[in-house]
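Chemist: Please find the sequence and the predicted model below.
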Amino acid sequence: MLQGTGFLIRGWQPGDELSLQKNADNLNVSAFLTDRFPSPYTPEAARIWVGSQLKQDPLINFAIVIDEEVVGGIGIEFREDVYRKTGLLGYWLAEKLWGKGIMTEAVKLVTDYAFQNLDLIRLQAGVLSKNPPSMRVLEKAGYVKEGILRRSVIKRGEILDEHVYAILK
């Protein structure tokens, strides 16, 4: 568990499904995530996700929790082959909590955790061009923009750029 200011970052647990579904089922939340994040976010999708995360080893996907309610998620995806020392960071937060500094602190906490506990030398995150608030989250957490992959993403029928941010161990 990682303790934030007014929130907890912990592994997923049985019982998280209801608040996960409630807070993830929002078009504004899914607007800047990959299409594998379900939209609409159904109770079945929540059940499948929580079930798939119960036996993580190592722990790399976390629930962000306030007062026992899942209000977001943050995780690291391992890469393979020549990229095996670089993790991909992804996150989301309930819209009602945007702009309160929660995600910046969560990114810092998980970044520190990753470098202390996982065999990684680099973390990177991709941000869609229409999501400047997420770019600011990463910048405030110490990540540096390394480049822009022009016209590399299709989201909801629109071609967008992806901004690549990274931090080194």
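Modeler: Received it, and whenever you're ready, just let me know what you need. Numbering: from 1, shown residues only.

Chemist: give the contact list for Q3.
Modeler: Remark: with contacts taken as C-beta atoms under 8 Å, 6 or more residues apart in numbering, Q3 is in contact with I9. In short, each C-beta sits where N, CA and C put it, glycine included.

Chemist: bridging residues for it?
Modeler: Beta bridges link Q3 to L8, judged by DSSP bridges.

Chemist: From here on, call the first residue 515.
Modeler: In the new count, where the first residue is 515, that last one comes out as Q517.

Chemist: Tell me which residues touch L634, please.
Modeler: When the contact criterion is C-beta under 8 Å, 6+ apart, the partners of L634 are I590, K599, T600, G601, A628, K683.

Chemist: ok, and the most crowded of those residues?
Modeler: Scoring the contacts of L634 on neighbours with other C-beta atoms under 10 Å, the highest-scoring entry is G601 at 25 neighbours.

Chemist: so what does the strand or helix carrying it touch, helix or strand wise?
Modeler: Using DSSP states H and E, G601 maps to strand 600-607. Using 3 or more C-beta pairs under 8 Å, 6 or more residues apart in numbering; DSSP states H and E, the elements in contact with strand 600-607 are helix 541-544, strand 583-592, helix 616-631, strand 636-642.

Chemist: and with 6 Å instead?
Modeler: If you count contacts as 3 or more C-beta pairs under 6 Å, 6 or more residues apart in numbering; DSSP states H and E, strand 600-607 packs onto strand 583-592, strand 636-642.

Chemist: What are the buried residues along the next helix or strand after the last one?
Modeler: On the C-terminal side of strand 636-642, the closest following helix or strand by DSSP H and E is helix 646-654. Going by neighbour count (16 or more other C-beta atoms under 10 Å), the buried part of helix 646-654 is S648, M649, V651, L652.
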